[in-house]
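Visitor: Give me a model of this one.
(one chain, ligands or ions: 1)
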Amino acid sequence: MAVTDGKVSLKHLVTMETLSNEEVLGLIKRGSDFKRNQADFRLDRQYFASNLFFESSTRTHKSFEVAEKKLGLDVIEFDAKSSSVNKGETLYDTILTMSALGVDICVVRHSDEDYYQELVDSRSIQTSIINGGDGSGQHPSQCLLDLMTIYEEFGQFENLKIAIAGDITHSRVAKSNMQILKRLGADLYFAGPREWYSEEFDVYGNHVALDDIIEDLDVLMLLRVQHERHDGSTSFSKEGYNKTYGLTEERYQKLKDSAIVMHPAPVNRDVEIDDDLVEAPKSRIVAQMQNGVYVRMAIIEAILNGKA
Ligand code: CP
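Guide: I've put the predicted structure just below:
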């Protein structure tokens, strides 16, 4: 991985931990170039990409597909349900096959944390891996689109007061974001149910009540309640969660005029955020989805730079 003349080159993108600050800023600035139609980009040969989603997705899957097609890559369809995964083929063997077929980039979402390690360590697999989410581990492309959205608003990260609020333990978005935001100099806070928080996150920020911090925030990052990762041991009511931890109209009014509200989506309306606030003036939820296409174009370009 490297940055040469402002150009980022990557072999894989599986976690935010291996990206330098320079690479992060390079990718989000390049995403902005693509958004403003100011990126001079041409393919030097035919490239193939395939999106292998073993967990449900709308945004990540479809925005990678849009990004690949905008850049002129040939997209190879993959449907886990009709593939040889049904005959017991392992993830390793599926990716080994894609590599043998000449697929240059595989975007993979999988429920197993760190699924990517054996793929990037393999000497036989030539295809580049972009992690589209691994269990509760990492979600680097979501993180980069979040960073691009914050950077568009504030032009930097130093000393911004940012709260990550909600189901933190189960969130790969939270884990990717807390590490890099701390490294970029943001002032981090956590909010939400204590049972969905772990002391291991204390190195990045303090756990507080949202009402104690809301008036000072620059960015409120809400997280989806991830019912599919819960074991049913905690009692939960939509109304109770919304009242205690969610963004209600009353809390929205307490935010600074310059503050922004983010959510990776899909949103549980009237749980993490009131229905009427999803598209409110301080919300950047739609902008996040739009930025997802452009930052993913920047990620793919960086992978192609790495192959040049
Ligand atoms: N934010 C996000 O990862 O959404 P999807 O699950 O729809 O891809």
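
Visitor: How are the helices of the stretch 101-250 of the chain distributed by residue range?
Guide: 117-121, 140-154, 172-183, 210-213, 238-245, 249-254 (DSSP state H, counting those that start in this stretch).

Visitor: quick one: contacts of the shortest one?
Guide: This means helix 210-213. Contact with helix 210-213 is made by 161, 163, 165, 189, 191-192, 245, 251, as judged by C-beta atoms under 8 Å, 6 or more residues apart in numbering. Glycine gets a C-beta too; all of them are placed from N, C-alpha and C.

Visitor: what's the farthest-apart pair in those residues?
Guide: 161 and 245 (18.2 Å; C-beta to C-beta).

Visitor: For these two, work out which one has more neighbours and name it.
Guide: Comparing residue 161 with residue 245 by neighbour count (other C-beta atoms under 10 Å), the higher total belongs to residue 245, at 24 against 16.

Visitor: Skip the chain neighbours and tell me the closest residue to that one.
Guide: Once flanking residues are discounted, residue 245 sits nearest to residue 192: 5.1 Å by C-beta to C-beta, 6 or more residues apart in numbering.

Visitor: Now for the one you found: which residues touch it?
Guide: Neighbours of residue 192 in contact, by C-beta under 8 Å, 6+ apart: 165-168, 210, 223, 245.

Visitor: Now with 7 Å, please.
Guide: Residues near residue 192 by C-beta atoms under 7 Å, 6 or more residues apart in numbering: 165-168, 245.

Visitor: cool, and residue 135?
Guide: For residue 135, the contact set (C-beta under 7 Å, 6+ apart) comprises 111-113.

Visitor: Closest one of those residues to the ligand?
Guide: The closest of these to the ligand turns out to be residue 111 (C-beta to the nearest ligand atom; 12.3 Å).

Visitor: does the closest residue to the ligand within the stretch 201-308 of the chain sit in a helix, a strand or a coil?
Guide: Nearest residue of the stretch 201-308 of the chain to the ligand: residue 264, at 3.8 Å (C-beta to the nearest ligand atom). Secondary structure for residue 264, judged by DSSP: H, G, I helix; E, B strand; the rest coil, is coil.

Visitor: Make sure it is actually in contact with residue 171.
Guide: No. Counting by C-beta atoms under 7 Å, residue 264 sits too far from residue 171 to count as a contact (8.2 Å).

Visitor: Dump the contacts of residue 135 to TSV, plus distance to residue 55.
Guide: Listed next are the contacts of residue 135 as TSV, based on distance: C-beta to C-beta, whole Å:
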residue	distance to residue 55
111	5
112	10
113	12
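
Visitor: Could you list the buried residues of stretch 145-157?
Guide: By neighbour count with 16 or more other C-beta atoms under 10 Å, stretch 145-157 contains the buried residues 145-154, 157.

Visitor: Between these, which sits nearest the ligand?
Guide: Once C-beta to the nearest ligand atom is applied, the member of those that ends up nearest the ligand is residue 145, at 8.7 Å.
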